[in-house]
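Chemist: curious how this folds, go ahead:
(one chain, ligands or ions: 1)
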Amino acid sequence: MSTSTPAPIGVAAALATRADSSITPREQLWDQFKLTDRVGLVTGANRGLGLEAALVLLEAGARAVYCIDLPTEPGEEWKAVHDYVVRLGTGGRLEYISQDVTDQKAMWEVAQKIGDKEGRLDVGVAAAGIALVGKSCLEYPADEFQKGLNVNTNGVLYTAQAVGRQMVRFGLPGSIILLASIAGTVSLRGLESLPYSTSKSALLQMGRTMACELGPKRIRVNTLSPGFIHTEMLQPLIDSFLPQWSSENPLGRIATPDEMRGVIAWLASDASSYCTGSDIVVDGGHHTW
Ligand SMILES: NC(=O)c1ccc[n+]([C@@H]2O[C@H](COP(=O)([O-])OP(=O)(O)OC[C@H]3O[C@@H](n4cnc5c(N)ncnc54)[C@H](O)[C@@H]3O)[C@@H](O)[C@H]2O)c1
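Modeler: Residues are numbered from 1 along each chain as shown. Down below sits the predicted model:
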């Protein structure tokens, strides 16, 4: 086997080394973001960041995206996005399945059925989560602490397992995105958030560990750690905390859900083909202060 340094490969290198200028000029970058014919599963996707992620996958050309959430029927926000996707005219389908992510067997079966129907499952976004806050770390009752971990940590694992098992089944590469939070790395000032922070911290190591095991199977696993984003999850706290949260980052404001679109498109697609086991922080600079 040759030990010589491999020649550089890539669009820029090819352009520089091709004397005959045979490369046809066309946009190369956006091709890498395309999810043409791919199939996604997104949890917590009846609303908020999960629904935003589902829309991103469809806009990038996915054939179908399955939204998993608790309500038996999808809500108005989901229906509006569904209608929008139809009007987009890409042919992509937004589907809804009512399922609790804390049921491991059921989650595996949901993904199995999607695999049976679609013949593939390429992208998984584990966005289902709950915000358990508001009690002292010395007082948090066992049942509430366990509930936080059950949804935010166990449920994310069961989702990643469900999706990863289908990726292995079909022998295709895939991307799994675990919705963590800056709360997994830094403490949220003034907010008693022990279950939430603990559950998110666990996801960082879950992502790294799964990435190492699944890398040889071409399955990438990364965590996304946003700062404060104005979704329903924050609504009960927004009046009390908005000025403080806005002042805690250099941009001087909290985020809107659509500001996660770019990073989700990147992580889900081949544009991030060499990124695995990473925690991508998108927090307006919150962690720097
Ligand atoms: N909003 C933020 O500021 C923020 C910041 C960092 C990370 N996050 C994370 O992003 C993810 C999405 O949050 P969001 O802001 O969109 O919140 P959200 O409350 O708007 O959406 C969460 C969704 O998860 C669903 N869900 C909860 N428990 C479930 C279960 N057991 N099974 C299936 N679905 C369940 C809810 O029904 C809801 O639709 C969460 O994991 C959250 O922790 C949010």
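Chemist: what count of nearby residues applies to S136?
Modeler: 8 (other C-beta atoms under 10 Å). Placement of C-beta: from N, CA and C, glycine included.
Chemist: same question but for S197, I mixed them up
Modeler: Neighbour tally, S197, other C-beta under 10 Å: 24.
Chemist: close to the ligand, is stretch 254-266?
Modeler: No - using C-beta under 6 Å from any ligand atom, stretch 254-266 stays clear of the ligand, with a minimum separation of 6.8 Å.
Chemist: list the buried residues in that stretch.
Modeler: For stretch 254-266, burial by neighbour count (16 or more other C-beta atoms under 10 Å) applies to 254-255, 257, 259-261, 263-266.
Chemist: please apply the same query to stretch 158-177.
Modeler: 158-164, 166-167, 172, 174-177.
Chemist: off-centre distance for it?
Modeler: 13 Å (C-alpha atoms, centre = their mean, to the nearest Å).
Chemist: for L188, give its distance to V282.
Modeler: From L188 over to V282 the distance is 16 Å, taken as C-beta to C-beta, to the nearest Å.
Chemist: same deal with L179?
Modeler: In terms of C-beta to C-beta, L179 sits 11 Å off from V282.
Chemist: which one of these two is surrounded by more residues?
Modeler: L179 (27 against 17).
Chemist: check what pLDDT the residue nearest to that one when sequence neighbours are not counted gets.
Modeler: Counting by C-beta to C-beta, 6 or more residues apart in numbering, L179 lies nearest to A127, which is 4.4 Å off, once chain neighbours are set aside. Confidence at A127, expressed as pLDDT, is 98.
Chemist: so A127 sits against A53, correct?
Modeler: Yes - using C-beta atoms under 8 Å, A127 makes contact with A53 at a distance of 6.0 Å.
Chemist: compare the two (neighbour count), which wins?
Modeler: The neighbour count for A127 versus A53, taken as other C-beta under 10 Å, is higher for A53 (32 against 27).
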